[in-house]
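Engineer: Quick check, what structure comes out for this input:
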Amino acid sequence: MKPEYDVVIIGSGASGGMAAYTLTQKGIKCLMLDAGPAVDFARDRGLKHVYDLPYRGFGRPGRFPHVTQADEFNAHVWADEKQNPYTYDPADPYYWVRIRLLGGKTLMWGRASWRMSDYEFKCKDHDGFGDNWPLGYRDLAPYYDRVEPLFRVSGRREGFAQLPDGIFIEDYSPDSECVRRFIASARRMNVPTTKSR
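Structural biologist: From the prediction side, this is the model:
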């Protein structure tokens, strides 16, 4: 007997993963398809000196002409657009980089997870330019509240209006020397800053 599914989800990145999580919580039977393998932690987390790599960390010239993120450390996870081409209007080039790895581009996002505020959503009210979005921070806050614990977002609660605090793991670990210098410089110029979330 062949298994039956209610929904097929293509890709295991942030969107596919959240769709699968939300639907399965409601009892919907999902099948997730992904083009990439699981993360090989022994290979992908191994450290090498840049001088031990053939191209000194930059990757073979011309392999990924527009994937600026690809280097010798991670080139094996990016989709090669020559083997997996996509089309776009030549008058309107589209920069679309793809990952072939379980978890998708979420694994390469730089671990920054900031909440947008009404400084972005209501910019016309704030600085007089553009148009206000039809929704505001209050509309999205419940969704941020649901997602941050799933991703285990960590950070410091600073109370900045332009960077709303969230439901995240408190991070009061010591800062590196360069981060301490950056924060000290920013404070001297009266620029609010906080540790990455």
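Engineer: From residue 164, how far off is the residue nearest to residue 64 when sequence neighbours are not counted?
Structural biologist: Nearest residue to residue 64, sequence neighbours excluded (C-beta to C-beta, 6 or more residues apart in numbering): residue 70, at 4.3 Å. For every residue, glycine as well, the C-beta is placed using N, CA and C. Using C-beta to C-beta, to the nearest Å, residue 70 is found at 34 Å from residue 164.
Engineer: And the residue lying closest to residue 28 once chain neighbours are set aside, how far from residue 20?
Structural biologist: Of all residues not flanking residue 28 in the chain, residue 6 sits nearest, at 4.8 Å (C-beta to C-beta, 6+ apart). According to C-beta to C-beta, residue 6 stands 12 Å off from residue 20.
Engineer: Overlap of the contact sets of the two?
Structural biologist: Here residue 6 and residue 20 have residue 30 as joint contacts, going by C-beta atoms under 8 Å, 6 or more residues apart in numbering.
Engineer: So for these two, which sits in the more crowded spot?
Structural biologist: For the pair residue 6 and residue 20, the greater number of neighbours falls to residue 20 (18 against 12), based on other C-beta atoms under 10 Å.
Engineer: Please settle this for me: is that one part of a strand?
Structural biologist: No - read with DSSP: H, G, I helix; E, B strand; the rest coil, residue 20 is helix and lies in no strand.
Engineer: which residues of this protein fall in helices?
Structural biologist: 14-25, 41-44, 118-121, 123-127, 137-151, 177-188 (DSSP state H).
Engineer: Keeping just the C-alphas, turn the second one into PDB.
Structural biologist: Once non-C-alpha atoms are left out, helix 41-44 reads as follows in PDB (Å, rounded to 0.1, in the frame of the first residue of the first chain):
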ATOM      1  CA  PHE A  41      29.100  17.900  10.400                       C
ATOM      2  CA  ALA A  42      32.500  16.200  10.300                       C
ATOM      3  CA  ARG A  43      33.200  17.800   6.900                       C
ATOM      4  CA  ASP A  44      31.300  21.000   7.100                       C
END
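Engineer: Please identify the buried residues of it?
Structural biologist: Within helix 41-44, no residue qualifies as buried by neighbour count (16 or more other C-beta atoms under 10 Å).
Engineer: Touching it from outside, list them.
Structural biologist: 74, 77.
Engineer: just checking, residue 98 touches residue 84?
Structural biologist: Yes - here residue 98 reaches residue 84: they are 7.1 Å apart, a contact under C-beta atoms under 8 Å.
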